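Enquirer: here is my input, please return the structure:
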Amino acid sequence: MKKHFIDLIKYNDWANQRVLITLEENNVEDKDLLKLYSHVLSAQIIWLNRIKDIPTSPFPLWETYKLRELRSMTEESSRNWLELIENHPNETFEEMINYSNNEGKKFENTMREIITHVTNHSTYHRGQLAIHFRKKDITPPVIDHIVYVRE
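Expert: Predicted coordinates for the structure are as follows:
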């Protein structure tokens, strides 16, 4: 199970890096694109903080960050997620995580469910980014999991 989640987080980082490079190479200043990618990273950081039981407030879900901030957030989020999973003492991730959502409503989910959600959430929004790229005549990066595995 641990190897599976390490692989998922590495794939997530690879795909995020490709999106970020596309944003950087095209010097994107479009608010819709930056806001959507900012959301991906903010969500990753918020969920990581929930697992670690530390405040999530510094990262509003729909804040729009600049490219240089997104570079730093991408690298830091990926590094922190990978460290969390690699240093996890168990092979399974079934421990319950208690947290509150942005409205203060309390929930609990397993760490396994949260990691799966984070990677799926990122994939979903990267798909939206690909559509936005095409609308702006920017070729979206190839970010299919199978391409990652082949590399």
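
Enquirer: just the strands in this protein please.
Expert: 96-100, 106-110 (DSSP state E).

Enquirer: now tabulate those in TSV and tack on mean pLDDT and distance to residue 39.
Expert: Heads up, the C-betas are built off the backbone N, CA and C, glycines and all. As requested, the strands of the chain are exported to TSV (pLDDT from 0 to 100; distance: least, C-beta to C-beta, whole Å):
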stretch	mean pLDDT	distance to residue 39
strand 96-100	95	18
strand 106-110	97	20
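
Enquirer: need those in TSV with distance to residue 119 and mean neighbour count, can you?
Expert: As requested, the strands of the chain are exported to TSV (distance: least, C-beta to C-beta, whole Å; neighbours: other C-beta atoms under 10 Å):
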stretch	distance to residue 119	mean neighbour count
strand 96-100	16	13
strand 106-110	14	12
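
Enquirer: quick one: closest of those to residue 52.
Expert: Across the strands of the chain, the minimum distance to residue 52, taken as C-beta to C-beta, is reached by strand 96-100, at 9.4 Å.

Enquirer: the closest one pairs with which strands, and in what direction?
Expert: Strand 96-100 sits in its sheet next to strand 106-110 (antiparallel), going by DSSP bridges.
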